[in-house]
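Student: just to be clear, the model below is a prediction. Sequence and coordinates:
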Amino acid sequence: MKRLVLLLIFGLWVAPLQAAIEAYQFDSPEMEADYNQLIDELRCLVCQNQNLSGSDADLARDLRRETYQMLQQGKSQQEVVDFMVARYGDFVLYRPQFQSNTYLLWLGPFLLLVLVLYLVVRRLRAADKPVEVDAGAMAEAKQLLEDNESHK
Amino acid sequence: MIRFALPLVVFVLMVGLLGYGLRLDPKKVPSPLIDKPAPAFSLSMLASPSRQLSTEDMKGQVWVLNVWASWCVSCRAEHEVITALANRNLVTVVGLNYKDEPADATRWLEQFGNPYATSVMDQDGRVGIDWGVYGVPETFVIGADGMIKYKHIGPVTHESLEQTILPILKELKS
């Protein structure tokens, strides 16, 4: 059992193996980190459910090269992202930017959460309220219970 | 009543939304370049590599840029449609030979016929990136003002030529 668990853990560990095989030389480790983050977050448009780092398509290779060259020229991550969006549209981003047409996407889950919390609180409050019973009905019920007792 | 109506309404809305989603083609990514200036290039001509064709040269006229490659299978399917478009002599059809070997490209044109006024070579795909090309063939319509008016992704069919591209070209020409 233990072995199986270990196997599963390590199996999951190697799953995101990357197809990016180019050996680029970076001026600094920060730049390399920027590069790796970018190719993880940019979509390959040929095989649409893969990012640039996971795709072996020709276009993905070209876009990785483009990303690398732009970083080497001292461009920032945001500049690379803007470059890609200007050419391929917002679809190229796996993490959509926060802009007018994505407000709902970013804020929607929180709005839903607030809505659900409101509904839950309202329902709980309603359940907490003491039940008001008509005095006459109460007396009648008591009478019935007592009658029941006396019959035993 | 609302207890039962609400889930039903939500369900119907979801089905509508998902049904609409099913009809969309995820392979067709809308280009952000529509109504933007055509990205400039200056590339060697396939027929005579010492000469260059640039977007400057095309200024002031309506033209079509068709991205093709000899290795692209659907370009063969599209070839006769592009030829039909070129034969109408309505606009200049420029070919962007994308990531191809010049010898292969030349042989391809000899074999199937050359519909292009000129083909230029984009061997490293740099110009393709500027134009947001992600799958060959792609076809762009550029206006006299140098703006991209329309982009067709995938092979142009007779239907899409007649119903979409030609009306756009005619409107731009008028």
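Tutor: Thanks, I have the structure now. Numbering: from 1, shown residues only, chains lettered A, B, ... in the order given.
Student: what parts of chain A come near chain B?
Tutor: Counting by C-beta under 8 Å from any C-beta of the partner chain, chain A comes close to chain B at A:45-46, A:48, A:58-59, A:62-63, A:66, A:85-91. C-beta coordinates here come from the backbone N, C-alpha and C atoms, glycine included.
Student: with respect to pLDDT, which of these ranks lowest?
Tutor: By pLDDT, A:Gln48 ranks lowest within those, coming in at 82.
Student: what's near enough to touch it?
Tutor: B:Pro26, B:Lys27 (C-beta atoms under 8 Å, 6 or more residues apart in numbering or on different chains).
Student: helix, strand, or coil at it?
Tutor: coil (DSSP: H, G, I helix; E, B strand; the rest coil).
Student: next, it: phi, psi?
Tutor: Backbone torsions for A:Gln48, taken as degrees, to the nearest 10, come to phi -70, psi -20.
Student: distance of it from B:Gly125?
Tutor: Distance check for A:Gln48 against B:Gly125: by C-beta to C-beta, to the nearest Å, it reads 19 Å.
Student: what's the answer for B:Pro39, then?
Tutor: Counting by C-beta to C-beta - B:Pro39 and B:Gly125 are separated by 13 Å.
Student: also A:His151?
Tutor: As judged by C-beta to C-beta, A:His151 and B:Gly125 stand 96 Å apart.
Student: who has more neighbours out of those two?
Tutor: For A:His151 versus B:Gly125, neighbours defined as other C-beta atoms under 10 Å in any protein chain shown are more numerous around B:Gly125 (19 against 6).
Student: my guess is the more buried one contacts A:Ala60. True?
Tutor: No: between B:Gly125 and A:Ala60 there is no contact under C-beta atoms under 8 Å: 11.5 Å.
Student: so B:Val94 bridges to which residues?
Tutor: Under DSSP bridges, the beta-bridge partners of B:Val94 are B:Leu65, B:Thr118.
Student: is it true that it touches B:Met58?
Tutor: Yes: the criterion here is C-beta under 8 Å, and B:Val94 meets it with B:Met58 at 7.2 Å.
Student: pick out whichever of the two has more residues nearby.
Tutor: Between B:Val94 and B:Met58, counted using other C-beta under 10 Å, the more crowded position is B:Val94 (23 against 18).
Student: what sits against residue 97?
Tutor: You didn't pick a chain, so chain A it is. Each residue near A:Gln97 by C-beta under 8 Å, 6+ apart is listed here: A:Val81, A:Val85, A:Asp90.
Student: that's the other chain; I wanted chain B
Tutor: B:Leu46, B:Trp68, B:Ala69, B:Ser70, B:Ala105, B:Ser119, B:Val120, B:Met121, B:Asp122.
Student: in helices only, show me those.
Tutor: B:Ala105 (DSSP state H).
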